[in-house]
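Engineer: Could you look at this predicted model? Sequence included:
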Amino acid sequence: MNLVHLVFTISITFIFLKIFIPILKRNMPANPTERGMHKEKKASSGGILFILIYIIYASYQEFYLPFFSIPISIIGLIDDKYYLSRRVRLTAQIITIASFLLTSYLIGNGILATITSFKYFLFMFLLLLLIGTSIVNFMNFMDGIDGLVCGCMIVIFSFMNFEIHYLLPIIGTLIGFLFFNWEPSKVFMGDTGSLFLGSYLATLILGQNSIILILNSLILCAPILLDALICILIRLSKKQNILQPHKLHLYQRLVSGGLSHSQVSLIYITSTFFMGLVYLTSNTYLLILSLIFVLLFGLYLDKNYAKSFI
C-alpha cells in the first residue's frame, strides 16, 4: 500500500501540474529580476498543487501535523501575487512556529513537555522559536534555482520517513513536482511552496523529544541550511544589510561561476543524500564529522567554482 500511495501521489501531482501550469503562468507569473537566477517568465506558486494533494492524503492518514503549515503557505501565496512586506512574512513565520511549540507542549509532546523549570522552558522556547523561524526563512532563501529545494526535500523527507512513517505522500507529490521544476523548469513552487516546506520541516524537527534527535535532524539538513546561515554570517561580518536582496548564497555564486542549475542542484542533493546515510546510524559524533566534511567540500567549491563573494 505504501508503494501504491507513492505512485499515486507522483502521478496525480504530475497530471494536475500538466493541466495547471499554463493557468499559473498567466495568473501567477514569475518574471525575471536582477536578484533572480532565471531569464524567462515562468509559472509560479506551483507549490499550491503539491500542498493540496498532500493535505488530502495527510487527512486520510489522520496525520494532522502539516495543517500547522497551511496558514503560512496562504501568506506565501498572497506574497507571490502581491509582494507582502518582510514584517508581515516574519510575523506569520513566528506565529506559525510559536503556535506549534505551544500546542505540542499543551498536548504533552516534544522536548518542551519534558521541562519543569520555567526559566529553562522560556529559554528553550525562544531557542526553538529562533531555530524554527530560521529554517522557514532559509528554505525560502534557498529556493532560487531549478530543482534545488524540491530535490533536497525529497531526500530529507525520505530519510526522516524511517522514523516518522507518514511522509511518503509528501515525497510523492514532490517527485511529481520535480518533473516540472528540474532544469529547464516550467514552474516554481514560489513562496507558497517554500514557506510550507520550511514550516513543515521545522515542525518535524522541533517536535522531537530530545536535543540529540533535533541536532541530528538539523545536521541531516546541513547542506541546504548551512549555505543560508553562512551567507548571513559573512554578510554581517562585512557590515552588509542582510535584509537587502542579493545573489551571494553559494548556490547562486556557483551558477554565476558557470555551473548549470542542474549541476548545482545535484551537488546539494548528493551532499544531502550522503548526510542521510550517516543520519541512519543515529551516531551524532559521526554526523558531526560528516558535517565537517560537507563544510570543507563547500569551501572547496567556493574557492574553485563559485563567483567571488562581493
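Structural biologist: Yep, that arrived.

Engineer: so where is this protein shaky, pLDDT-wise?
Structural biologist: The chain contains residues with pLDDT under 70 at 34-35.

Engineer: residue boundaries of the helices in it?
Structural biologist: Remark: helices assigned in the chain by DSSP state H are 2-27, 47-61, 70-82, 86-106, 118-142, 148-164, 168-181, 190-206, 211-220, 222-237, 250-256, 261-279, 284-304.

Engineer: Give me the buried positions along the fifth one.
Structural biologist: Neighbour-count burial for helix 118-142, with 16 or more other C-beta atoms under 10 Å as criterion, is recorded at 124-125, 128-129, 131-142. Backbone N, C-alpha and C define where each C-beta goes, glycine included.

Engineer: repeat for the longest one
Structural biologist: Counting neighbours by 16+ other C-beta under 10 Å, one finds that the buried residues in helix 2-27 are 5-6, 9-10, 12-14, 16-17, 20-21, 24-25.

Engineer: Including distance to residue 112, could those residues go into a markdown table?
Structural biologist: What follows is these, written out as a markdown table (distance: C-beta to C-beta, whole Å):
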| residue | distance to residue 112 |
| --- | --- |
| 5 | 32 |
| 6 | 33 |
| 9 | 32 |
| 10 | 36 |
| 12 | 37 |
| 13 | 35 |
| 14 | 40 |
| 16 | 38 |
| 17 | 38 |
| 20 | 40 |
| 21 | 42 |
| 24 | 39 |
| 25 | 44 |
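
Engineer: between those residues, which is nearest residue 71?
Structural biologist: Distances from residue 71 to the buried residues of helix 2-27, taken as C-beta to C-beta, are shortest for residue 24 (21.1 Å).

Engineer: Contacts only, for that closest one.
Structural biologist: When contacts are counted by C-beta atoms under 8 Å, 6 or more residues apart in numbering, residue 24 touches 43-46, 187.

Engineer: Quick check: the gap between it and residue 17.
Structural biologist: Taking C-beta to C-beta, to the nearest Å as the criterion, residue 24 is separated from residue 17 by 9 Å.
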